[in-house]
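# give me coordinates for this.
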Amino acid sequence: MTVKRADRFRTAQGALVDDDVLLIFHEKQWKSTTVTVVGIGVDVIDVAVLACPVRLVESLPLEASMEGLTYGQDVYFLGFPFGWDAGGEDINLNFPMPFVKGGIVSAIMSIDPVHIYIDAHGNPGFSGGPVVFKDPDGGSNKFKVAGIVSNAPTPLRTPVVNSAGKPVGTSGGDGAFIAENQGFVVAMGIRHSTEIIDANPVGFELPEDEAS
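Have a look, this model is predicted:
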């Protein structure tokens, strides 16, 4: 689903506020939805968990776990680059389908916070999306959610120079440069989100036949 802040959405000292409003794109229009703050990551843990009062997705057998994730493994991440969506509302509870991109695990930083570095080309609009991988021990159709896309490293800045090799730009400025994508997507390990949910389990209550 695509989400954006409503005009009334507030922050207080960098924190989100309960009972404020997000705009969620549903049935081809933006709808105001009141949310509850489940919790926010501390310090450098770049995670905020919000609870909506209504169901947003189909029930999917996706375990929230990094167990089985290893170096060089294929992973997929979902999002809405540049605000685009892939349509498909008829198969997704009238929410638009996200784009799917893929890469391989380049590194896993296991110290807190846990970071997953993915060899992939990221775009604005994937932040907050899930990182999914196929469990090598779980059969051909068992996927897990390993993390949440956080950000991309700062783009490389290559100076633009003239024929004499001197930087092109105004006097006293940084000069002209070309910003180059570094080719990495960085995700926070999923446990940083599940720990917040376990500590404050609020939000939409699953039907009894799906809660087990």
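# secondary structure class for the residue of the chain positioned farthest from its centre?
The C-alpha centroid of the chain is most remote from A164, which lies 43.8 Å away (Cα atoms, centre = their mean). Secondary structure state of A164, per DSSP: H, G, I helix; E, B strand; the rest coil, is coil.
# compute the distance between it and Y76, please.
Separation of A164 from Y76 (Cβ to Cβ, to the nearest Å): 47 Å. Glycine gets a C-beta too; all of them are placed from N, C-alpha and C.
# M109 now?
In this view, M109 and Y76 are 20 Å apart by Cβ to Cβ.
# cool, and T70?
The gap separating T70 from Y76 is 15 Å, by Cβ to Cβ.
# repeat for V44
25 Å.
# where does I45 sit: helix, strand or coil?
Three-state call for I45 (three-state DSSP): coil.
# what's the closest non-adjacent residue to it?
Using Cβ to Cβ, 6 or more residues apart in numbering and skipping the chain neighbours, the partner closest in space to I45 is P113 (4.6 Å).
# please identify which of M109 and Y76 sits among more neighbours.
Just comparing M109 and Y76: by other Cβ atoms under 10 Å the higher neighbour count belongs to Y76, 17 against 12.
# surely that one is in contact with V100?
Yes. Between Y76 and V100 a contact is recorded at 5.6 Å, counting by Cβ atoms under 8 Å.
# so I197 sits in a helix?
Yes. Using three-state DSSP, the assignment for I197 is a helix.
# give me every residue that touches it.
38-39, 49 (Cβ atoms under 8 Å, 6 or more residues apart in numbering).
# so of the residues you listed, which ones are in strands?
The strands, defined by DSSP state E, take in 38-39, 49 from the contacts of I197.
# how near is V185 to S59?
27 Å.
# which one's more surrounded, these two?
Each of V185 and S59 has its neighbours counted (other Cβ under 10 Å); V185 has more, 30 against 11.
# list the beta-bridge partners for the more buried one.
V185 has these beta-bridge partners by DSSP bridges: I118.
# that one against G125, yeah?
No. Contact criterion Cβ under 8 Å: V185 and G125 do not qualify, at 12.0 Å.
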